[in-house]
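[1] Quick check, what structure comes out for this input:
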Amino acid sequence: MLHAMLLAGRTALVLGFLFTSLADAQDLGNSAARPTMPFQLVSGFLVVVKGQVGDLDGLKFILDTGTSYTMIDRKVADRLRLRRRPGKITNFDRDVPIDWAEIPNLRLGPFQTGAFRVLVAKLGEYSRFAENVDGIIGLDLLGRSKKFFIDYEKQTVSWELAEDRAGAPPSPTYFAIPFIVQGYPVRLILDTGFQGILLYKERLRQRLPNLRTEGEEIEVGMGRLQTTQVKLPGVCLFGPETVATVFLTDGPVTGDLPGVDGYLGIASLKAKRVEFDFAARVLRWQ
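    Take a look at the predicted model:
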């Protein structure tokens, strides 16, 4: 599991998404007309691609829609001899220290960033899934596209680029989707770097003091994140209500991530193909 990282202490640009199932559709558009690159599927849910930072090529990056800002590992920053300044981020339920740095360029698929600000950290300290990668690509780069596609069957990612990037809105800090729990609406950050459904238990119980669960509650450690696994009836994402296995954890410090009740991992959709339509604010899957 990756830890979704959001900058603490700044106003977040939130992009709300609607859902559209594409179960009856033939395809998510014409992929031949879009810039496309292959990816490696790691641990059954992580999308890992290759890119370049400065003159360092063949680097491995995780594409993570739950991360606001692109991050590189400390060893990459050391090789590039980058100057850094300290900062902090919200990491699920706590603030953690990081560094900021400016890289000369980042190349990934159709993107050439030029000078680009990134976070710097020792990634293996945050997640065992990030021990063998060189960086994490966040929404500050992914959100520059008009549409972003993941084809899990073909193991390719592709983009439909904005025609006029200069006039495009800024990239979202995170985007949230509607989710119904026992009749009450909550908002979850949509996260390709997470494999399940994570809910902040304090915020959930404020809305649902009589929250119903089924079966045994199991304590599960996810790296440094401590959670309780429960079966939650009355859950509705798209279609009829169902019983979902979710993880409950403490929320972030007061005031951080206002209006956010947790995270939804894309793997929970069990989709063959997913389309993030940033322009129309619609998530489609097949």
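
[2] Next one: residue 131 from residue 60, what distance?
    Separation of residue 131 from residue 60 (CB to CB, to the nearest Å): 11 Å. C-beta here means a position set from N, CA and C on the backbone, and glycine is covered the same way.

[3] Looking at those two, which one has more neighbours?
    Each of residue 131 and residue 60 has its neighbours counted (other CB atoms under 10 Å); residue 60 has more, 16 against 12.

[4] Please name the bridge partners of the more buried one.
    Assessed by DSSP bridges, residue 60 has beta-bridge partners residue 50.

[5] how about it, what does it touch?
    Shown in contact with residue 60 (CB atoms under 8 Å, 6 or more residues apart in numbering): 48, 49, 50, 132, 133, 134, 135.

[6] Most neighbours among those residues, please name it.
    Neighbour counts for these (other CB under 10 Å) peak at residue 135, which has 25 neighbours.

[7] Show the model's pLDDT score for that residue.
    Residue-level confidence at residue 135 comes out at 95, pLDDT.

[8] check contacts around it.
    Counted by CB under 8 Å, 6+ apart, residue 135 has contacts 51, 53, 59-62, 70-73, 76, 118, 123.

[9] I'd like a version of those in a markdown table, one that adds pLDDT and distance to residue 107 as further columns.
    Putting those into a markdown table (pLDDT from 0 to 100; distance: CB to CB, whole Å) gives the following:
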| residue | pLDDT | distance to residue 107 |
| --- | --- | --- |
| 51 | 97 | 6 |
| 53 | 97 | 8 |
| 59 | 97 | 10 |
| 60 | 97 | 14 |
| 61 | 97 | 11 |
| 62 | 95 | 16 |
| 70 | 94 | 12 |
| 71 | 93 | 16 |
| 72 | 96 | 13 |
| 73 | 95 | 17 |
| 76 | 97 | 14 |
| 118 | 95 | 13 |
| 123 | 87 | 20 |
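
[10] Cheers, nothing more for now.
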